[in-house]
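Chemist: show me the folded form of this:
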Amino acid sequence: MKLGLQLGYWGAGPPDNVGELVAAAEESGFDAIFAAEAWGSDAFTPLAWWGSSTSKVRLGTSVAQLSARTPTNCAMHTLTLDHLSGGRAILGLGVSGPQVVEGWYGLPFEKPLARTREYVSIVRQVLARAEPVRNDGPHYPLPYNGPGASGLGKPLNSITHPLRPDVPIWLGAEGPKNVALTAEIADGWLAIYYSPRLAPMYNEWLDEGFARAGARRSRADFEVAATCQIIVTDDRDAEIERLKPLIALYVGGMGAPELNFHAQVYRRMGYEAEVAEIGRLFQEGKKSEAAAVVPAEMVSETMIIGDEARVREEIDGWAAAGVTMLLVSCRDAAAVRTVAGLVG
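Modeler: Residues are numbered from 1 along each chain as shown. Below you'll find the predicted structure:
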């Protein structure tokens, strides 16, 4: 089992202890560090800034939003980071949701699967640098020849030669079609709210993608990085209570009531009634009441919480379910070292 340190995205300002977290992760044998973006801080700059003090950990976006930048621009970011880090970049991509895509980026959310397929294809063309980049698909036509085009656009190759033509591309995916697409075209899956109990269902989705003609990888060389809080404590119940508002936020507030991918994940786990009630209360502004509806199991089956013996046992269970990396958040350097000591 590998470990990845999730730095996440910023709130009102940058966190003040990231440097010490990254240093502890490097020293403790973490495989990678990841940065995210929502509608504030971006995913690439923190990796370049804090990653510059590292020499071993891989540097990944988890996730860079497709609508935040064109595929060629994303490839530019990626090849630049890969050069500066000596070949340690991981490009994690995700479609985000309609509230962000249409409300923040001012772009249509339609056909996310088709957009993802085209986007990844173009990024790979840039990184391969085998020939000038072309794309005939409807979402990212290159050269552009639609309304307003000058007619002067021509296919181009990157001026900068990528350090690696095969930088790993991982996709953040939650639904069955998106997970199958991930197994078909990507090098890894960034899974959020993964539940080992549902591993047989996830494996069916993945196997569908692996079986497609032209699939890039097989299960043997495909990475499954699951976001998972690991909390070592002798008071498990108290930690679960502390985390209930976070679950309520993502289920009830991170997405439109009509389309919330996080809520759909928990519905698949069997929490249909709870998700409906959490969503209703959250939309009414009753956040504390929404958190009170979250059952303990809704927290514990997507996170690892308990004393050292329990944590070690559950980590083994996640590994047996097919997870190759646990993507964890840590409060301080001591927590980083504690988690590292439990994974072997």
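Chemist: quick check: phi and psi on residue 272?
Modeler: phi -60, psi -50 (degrees, to the nearest 10).
Chemist: next, count neighbours for residue 149.
Modeler: For residue 149, the neighbour count with other Cβ atoms under 10 Å is 11. No exception for glycine: its C-beta is placed from N, CA and C like everyone else's.
Chemist: what are the ranges of the helices in the stretch 201-344 of the chain?
Modeler: 236-252, 261-268, 272-283, 287-293, 296-300, 308-320, 333-342 (DSSP state H, counting those that start in this stretch).
Chemist: can you add distance to residue 45 and give these back as JSON lines?
Modeler: Below are these laid out as JSON lines (distance: least, Cβ to Cβ, whole Å):
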{"stretch": "helix 236-252", "distance to residue 45": "25"}
{"stretch": "helix 261-268", "distance to residue 45": "26"}
{"stretch": "helix 272-283", "distance to residue 45": "31"}
{"stretch": "helix 287-293", "distance to residue 45": "31"}
{"stretch": "helix 296-300", "distance to residue 45": "32"}
{"stretch": "helix 308-320", "distance to residue 45": "31"}
{"stretch": "helix 333-342", "distance to residue 45": "22"}
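Chemist: mean pLDDT lowest where, among those?
Modeler: Among these, helix 261-268 carries the lowest mean pLDDT, at a mean of 83.
Chemist: packing partners for that one?
Modeler: For helix 261-268, the packing partners by 3 or more Cβ pairs under 8 Å, 6 or more residues apart in numbering; DSSP states H and E come out as helix 236-252, helix 272-283.
Chemist: just want the angle from it to helix 236-252.
Modeler: Orientation of helix 261-268 against helix 236-252 (axes from the mean of the first three to the mean of the last three Cα atoms, to 10 degrees) gives an angle of 120 degrees.
Chemist: flag every buried residue along helix 261-268.
Modeler: Using 16 or more other Cβ atoms under 10 Å as the test for burial, helix 261-268 gives 261, 262, 263, 265, 266, 267, 268.
Chemist: wait, the second one touches residue 249, no?
Modeler: The reference is to residue 262. No: between residue 262 and residue 249 there is no contact under Cβ atoms under 8 Å: 9.2 Å.
Chemist: closest one to residue 95 among the helices of the stretch 201-344 of the chain?
Modeler: Among these, the nearest to residue 95 by Cβ to Cβ is helix 261-268 (9.1 Å).
Chemist: and that closest one with helix 272-283, angle?
Modeler: Put simply, helix 261-268 runs at 150 degrees to helix 272-283, going by the same axes, to 10 degrees.
Chemist: distance between helix 261-268 and the chain's centre?
Modeler: Mean C-alpha position of helix 261-268 versus that of the full chain (Cα atoms, centre = their mean, to the nearest Å) differs by 16 Å.
Chemist: ok, residues contacting it?
Modeler: 97, 174-175, 192-193, 198, 201, 250-252, 254-255, 274-275, 279, 298 (Cβ atoms under 8 Å, 6 or more residues apart in numbering).
Chemist: of the residues you listed, buried ones?
Modeler: Taking 16+ other Cβ under 10 Å as the criterion, what is buried in these is 97, 174, 192-193, 198, 250-252, 254-255, 274-275, 279, 298.
Chemist: from the residues you listed, pick the one nearest residue 240.
Modeler: residue 298 (9.3 Å).
Chemist: now residue 143: phi and psi?
Modeler: Dihedral pair for residue 143: phi -70, psi 160, per degrees, to the nearest 10.
Chemist: quick one, phi psi at residue 172?
Modeler: Per degrees, to the nearest 10, the backbone of residue 172 is at phi -80, psi 120.
Chemist: grab the nearest non-local neighbour of it.
Modeler: Spatial nearest neighbour of residue 172, excluding adjacent residues (Cβ to Cβ, 6 or more residues apart in numbering): residue 94 at 3.4 Å.
Chemist: which ones are touching the one you found?
Modeler: When contacts are counted by Cβ under 8 Å, 6+ apart, residue 94 is found next to 63, 64, 65, 66, 171, 172, 173, 190.
Chemist: and the first one, how many neighbours does it have?
Modeler: What that stands for is residue 63. By the measure other Cβ under 10 Å, the count of residues near residue 63 is 24.
Chemist: contact partners for it?
Modeler: Contact analysis of residue 63 by Cβ under 8 Å, 6+ apart lists 36, 37, 43, 92, 93, 94, 171, 172, 190.
Chemist: quick one: low-confidence parts of the chain?
Modeler: Flagging of the chain using pLDDT under 70 yields the residue ranges 254-260, 344.
Chemist: apply 80 and report the result again.
Modeler: 253-262, 344 (pLDDT under 80).
Chemist: quick check: domain ranges of it?
Modeler: The chain breaks down into these domains under automatic domain parsing: 2-229+308-342, 234-306.
Chemist: burial count for residue 300?
Modeler: Neighbours of residue 300 under the rule other Cβ under 10 Å: 17.
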